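Colleague: Here is my input; please provide its structure:
(chains A and B)
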Amino acid sequence: MQNKIRVRFAPSPTGYLHVGGARTALYNYLYARKNHGTFVLRIEDTDQERSTEESLKMQIEDLKWLGLNWDEGPHPENLQDNGEYGPYRQSQRLSIYNEYIEKLLESGKAFYCFMSDEEHEELKNTAIQAGKPGQVNSPYRDKSLAEAKKRIASGEKAVVRFRVPDQEVIYSINDLVRGKVEFPSTMVGDFVLVRSDGMPVYNFCCVIDDALMKITHVFRAEEHLSNTLRQLMIYEAFNFEIPKFAHASLILGADKQKLSKRHGATSVGQYRELGYLPQALNNFLALLGWSSPSGEEILSIEQLTSEFSIERLNSSPAVFDETKLKWVNASHLRALNHADLWQLIEPILKIANINVPESEAWRSQALELFKSYMETLNDSVELFKPLDIQYYEISEEAKETLSWETTKVVIEQWKKLIVQKDSEFLTEEQFLNLQDQVKNDCGVKGKQLFMPIRVAVIGKPHGAELKTLVPLLKTTDLIARANIVLENM
RNA sequence: GUCCCCUUCGUCUAGAGGCCUAGGACAUGUCCCUUUCACGGACAAGACACGGGUUCGACUCCCGUAGGGGACGCCA
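Modeller: Next up is the predicted model:
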């Protein structure tokens, strides 16, 4: 049997979870599930300055919300390590890294470097001015290890750098998305492995961890493509088996620049707050760089899982189009059953302080009516608001309707006929009859008839069908609303 | 500047040398449904960046050019 497929998502807890990160996590998740592999969550928190516990928690919450459950990594509830290859937080793997650094130092593949930032800068500039690539090799690359250790023992600060090959060597990978990609070793200079404070950097930790955690496939974004060279050098230095790489295209803003905060909402949390469904966000993100063989665009996570394949990953960058996201979201929203949909909407209405009847039948009827108007969960606020009498108001667009000659009689008659009813709610049939009666009594039909009634019901001349809408409102409410309109005429 | 990646309708994409008069989806427009609006349905408009090869034949392969993006950190 082949080695079991193991993939990982390795976010850095330096902020919220980005939609780009979410897509990377999704691809990893889908590939693992599709192939019955293991999905590992690893926390890359070697940048102690910027990493925060709060970001970690936020990102974990976002991943949970998206349903991208991991098999190994920090436990989703208590964040304790869960799995055989821990610790899963790089900040807790220092002793492991030190062991490997020591090997590199001993074998001369890495060295202590005492160069100052200024010296480094100067070497870089002279190289560029000479028309050479701006990569520099350290003047300390051939100094003796014993001597360096002596200097450090006496209190001097040093970084550890990797000693890149003296001659140009071509490193190459067979990227699962891009095919063969070659990197000349001269693309990089002697790069830092360990900071002067003793904490190793991303490129090093990433390789050690992927190797030790037996990662077989690395799905990540294209911005990491050029990091791959440094990583290949480290893999080679330890004779580690190299995983398969799949560099997905970047997600861009409308201006074709890499998606960033100035493009608006870019975090998973923001979309959640905007009223998007996790299944919709997953669906939309999957389609940014991947397509279903069936050509279908609205797909559940189960469909995504069964249809996912690397071959259908696209190598060119994709613009994040919020309009399409809305459509995907609306489609998923409409596919929800009323009980589930209500559960999602209820807290939103509560926060907006909108009160509606408790009855399940009432709710189901209201959702049936409003579902086709909703693109996001938050749209429910504007939809349900008019049903709560305390928010009833006459809109600007109702002005024209109210200016018609016949409007007043229509509304007066409408009110009069409701007053005669003694039931709490009107049935659809009762409403239809009542509307007919208004038509006959006033001799008014068409727009002149139902627009005034609609204004008397929801304050606007446009909106959902009256015969479904009216039975959702108490007759006492209907009368109160009619009174408000009449007072305002 | 150097290196790497990318280039099909406005946007997401299909396309593995003849199935391409380039297909679908979002958005747009028109019409139908509807006593309004939304949903739904129909139709329309809309793209192979450019130039050279290779080939009987190129959206597909190769080379250039242009444009875009990424990397060149003691960030990831």
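Colleague: Can you get me a residue count around the residue nearest to A:Ile60 when sequence neighbours are not counted?
Modeller: Here the nearest residue to A:Ile60 in space, its sequence neighbours aside, is A:Pro76; by Cβ to Cβ, 6 or more residues apart in numbering that works out to 6.2 Å. C-betas here are computed from N, CA, C, even on glycine. When neighbours are counted by other Cβ atoms under 10 Å, A:Pro76 registers 14.
Colleague: And the pLDDT for A:Pro76?
Modeller: Note for A:Pro76: predicted pLDDT of 96.
Colleague: Please apply the same query to A:Gly131.
Modeller: pLDDT at A:Gly131 comes out at 63.
Colleague: care to break chain A down by domain?
Modeller: A:6-91+A:251-319, A:93-248, A:336-387, A:392-487 (automatic domain parsing).
Colleague: so can I have a markdown table of those domains showing distance to RNA strand B?
Modeller: A markdown table is the format used below for the domains of chain A (distance: least, Cβ to the nearest atom of the strand, whole Å):
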| stretch | distance to RNA strand B |
| --- | --- |
| domain A:6-91+A:251-319 | 3 |
| domain A:93-248 | 3 |
| domain A:336-387 | 3 |
| domain A:392-487 | 4 |
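Colleague: buried residues in the helix or strand of chain A with the lowest mean pLDDT?
Modeller: Within chain A, no helix or strand scores below helix A:117-129, which has a mean of 82 by mean pLDDT, DSSP states H and E. Applying a neighbour-count criterion of 16 or more other Cβ atoms under 10 Å, one finds A:His120, A:Leu123, A:Lys124, A:Ala127 buried in helix A:117-129.
Colleague: and if you look at stretch A:288-305?
Modeller: Quick answer for stretch A:288-305 (16+ other Cβ under 10 Å): A:Leu288, A:Gly289, A:Trp290, A:Ser292, A:Ile298, A:Leu299, A:Ile301, A:Leu304, A:Thr305.
Colleague: list the contacts for the residue nearest to A:Ile60?
Modeller: Taking Cβ atoms under 8 Å, 6 or more residues apart in numbering, we find A:Pro76 in contact with A:Ile60, A:Leu63, A:Lys64, A:Asn69, A:Trp70.
Colleague: low pLDDT regions in the stretch 1-150 of chain A?
Modeller: A:1-2, A:130-133 (pLDDT under 70).
Colleague: for it, what spans make up the helices?
Modeller: Counting by DSSP state H, counting those that start in this stretch, one finds helices in the stretch 1-150 of chain A at the ranges A:19-34, A:53-66, A:94-106, A:117-129, A:145-153.
Colleague: Identify, out of those helices, the most deeply packed stretch.
Modeller: helix A:19-34 (a mean of 24; mean count of other Cβ atoms under 10 Å).
Colleague: Just the CA coordinates for it, please, in CSV.
Modeller: Output of helix A:19-34 as CSV, limited to C-alpha atoms (Å, rounded to 0.1, in the frame of the first residue of the first chain):
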residue,chain,number,x,y,z
VAL,A,19,-10.2,34.2,2.2
GLY,A,20,-7.0,33.2,0.4
GLY,A,21,-6.0,31.1,3.4
ALA,A,22,-9.5,29.7,3.6
ARG,A,23,-9.2,28.5,0.1
THR,A,24,-5.8,26.9,0.7
ALA,A,25,-7.3,25.2,3.8
LEU,A,26,-10.3,24.0,1.7
TYR,A,27,-8.1,22.5,-1.0
ASN,A,28,-6.1,20.6,1.6
TYR,A,29,-9.2,19.5,3.3
LEU,A,30,-10.9,18.3,0.1
TYR,A,31,-7.8,16.5,-1.1
ALA,A,32,-7.5,14.7,2.3
ARG,A,33,-11.1,13.7,2.4
LYS,A,34,-11.3,12.7,-1.2
